[in-house]
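K.L.:
quick one, what's the 3D model for this:
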Amino acid sequence: MYVVIWEYEVRPDASMRFEAMYGPQGEWVALFRRYPGFIATELLRGDGDRYLSIDRWESGQAYERFQRQAQEDYARLDAAGDALTLAERRIGAYTGAGDRP
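P.N.:
Numbers count the residues shown, from 1 in each chain. Next up, the predicted model:
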């Protein structure tokens, strides 16, 4: 398994729109589902307007293939998401402990 984690600080007036776009039924997941290897997305809300997005893929190769093939749609959604956030930070990408390539 390959997991990508992002942290967001969402504009106070945009939390509902952000959750709709980044949540498990949102536009990002709709895009991810079009590509082999996507497993699931989990959206967590912390204190205030801070969120974590956890995207699960079968492998790093599946995620990289998605990034190459979905560049245009990814850029469009990313720009729309930027309007909802004050800050965005990729925490990192992780593999399951004990997973071997």
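K.L.:
mind naming the longest strand for this protein?
P.N.:
Ranked by residue count under DSSP state E, the longest strand found in the chain is strand 85-95.
K.L.:
mean confidence score for it?
P.N.:
Strand 85-95 carries an average pLDDT of 97.
K.L.:
pull out the buried positions in that strand.
P.N.:
Buried residues in strand 85-95, counted by 16 or more other CB atoms under 10 Å: Thr85, Glu88. Where C-beta positions appear, they are placed from N, C-alpha and C, glycine not excepted.
K.L.:
quick one: strands adjacent to that strand?
P.N.:
strand 2-10 (antiparallel) (DSSP bridges).
K.L.:
state the mean pLDDT of the following helix or strand past the partner strand.
P.N.:
Going down the chain from strand 2-10, the next helix or strand is helix 15-22, by DSSP states H and E. In this model, helix 15-22 carries a mean pLDDT of 97.
K.L.:
now do the residue nearest to Met1 when sequence neighbours are not counted against Ala20, distance only.
P.N.:
Excluding the flanking residues, the one nearest Met1 by CB to CB, 6 or more residues apart in numbering is Gly96, at 4.4 Å. Per CB to CB, to the nearest Å, Gly96 is found 30 Å from Ala20.
K.L.:
between the helix ranked longest in the chain and helix 15-22, what angle do the directions make?
P.N.:
The longest helix of the chain (DSSP state H) is helix 71-82. Here helix 71-82 points in a direction 170 degrees away from that of helix 15-22 (axes from the mean of the first three to the mean of the last three CA atoms, to 10 degrees).
K.L.:
who are the packing partners of helix 71-82?
P.N.:
Under the contact criterion of 3 or more CB pairs under 8 Å, 6 or more residues apart in numbering; DSSP states H and E, helix 71-82 touches helix 15-22, helix 27-32.
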